[in-house]
Each structure stands twice: as structure tokens, then as C-alpha cells.
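> can't give you the sequence, but here's the structure:
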């Protein structure tokens, strides 16, 4: 299966020892910034969740940078005896402010901007509400869902 890297194409050979398993549910444990207790988020990425497609949104941390994304596909592949947990995500653009409402707004990147991340980089689930008046697939970040979310967004610098 060829995968493009810059101007060249390098083939990837998939051996018989590769196993792939799809997941529709992710349990994320994280330490709360409010009371330092272990907290759990239950996230779903399912094409047939009660008859409808359901893709939760998450806060991702990679290399001291935080960003919002939508889970598109989760899977584990094993090479030999070593498992790798991976997610295909649709990242959101850098947050901007909505001066009229005072909310933080993010915009979905085009589907061609989807990327793979390790599931270990998922910090927690997030609530992003679609802006139905937007023609650009904008979402509002609900930082008031709980105290921990409010603090995480402030500490990560994801608000204006």
C-alpha cells in the first residue's frame, strides 16, 4: 500500500503477522485539575450508535500543544507481540473568539486533513456544539460542562 511522503511514494509491506481490531468505545482516565482525583470519560466512535452515526470530540495533547478533534475511527494493530492503539481524527483549527457571544469557536478542517494519533494522546472528551448558522462547519467549545474542562482550556491557552 503506497503512502505519499513529500514528492516520493514509499511502499509499506504488510506482513502476515499484522492484526487489526476496530474499536467503537474508548475509556479515558485522567487526573482532574480541580480535586486531583481520577476521572473517567466514556467516548464513542461508532457508525451505528442506536441507528445513527456518533463521533465524540476530544482534547488531544501532542508535543506540549493541545487541540480539539473529532474521533473518526479507532483501532489497535499488533505487529508481532506489540500492540499499537491508534485513532483517525479530524482536527479542528486553532480556536478563535466569538465577540458577539463571548464563546470560543473552532472550525473543522477539511476531511482531507484527517490524521492518525496514538490514543494515549487523548486527554479527555470535549463538548463541541455545532454553530448551525455557520457555513464553515464551526463549533462552540462548551467549557462550562464541568470545572475541570474550564481549567484545562484555560491552562492550555485554548481561549482568547
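Received, thanks. Given the structure is predicted, the values throughout are model-derived calculations rather than measurements.

> Identify each buried residue in the biggest strand by length in the chain, please.
Ranked by residue count and defined by DSSP state E, the top strand of the chain is strand 65-79. Neighbour-count burial for strand 65-79 flags 66, 67, 68, 69, 70, 71, 72, 73, 74, 75 (criterion: 16 or more other C-beta atoms under 10 Å). Every residue, glycine included, has its C-beta placed from N, CA and C.

> which residues touch the helix or strand following that strand?
Moving toward the C-terminus from strand 65-79, the next helix or strand (DSSP states H and E) is strand 82-91. Here strand 82-91 makes contact (C-beta atoms under 8 Å, 6 or more residues apart in numbering) with 26, 45, 58, 60, 67-78, 108-109, 111, 113-120, 122.

> Could you check how far strand 82-91 is from the centre of its chain?
Relative to its chain's centre, strand 82-91 lies at 10 Å (C-alpha atoms, centre = their mean, to the nearest Å).

> buried stuff in it?
Going by neighbour count (16+ other C-beta under 10 Å), the buried part of strand 82-91 is 85, 86, 87, 88, 89, 90, 91.

> Please name the nearest non-neighbouring residue to residue 28.
Counting by C-beta to C-beta, 6 or more residues apart in numbering, the nearest residue to residue 28 once its immediate chain neighbours are dropped is residue 41, at 4.5 Å.

> before we move on, what about residue 155?
In this structure, residue 155 finds its nearest non-sequential neighbour in residue 33, 7.0 Å apart by C-beta to C-beta, 6+ apart.
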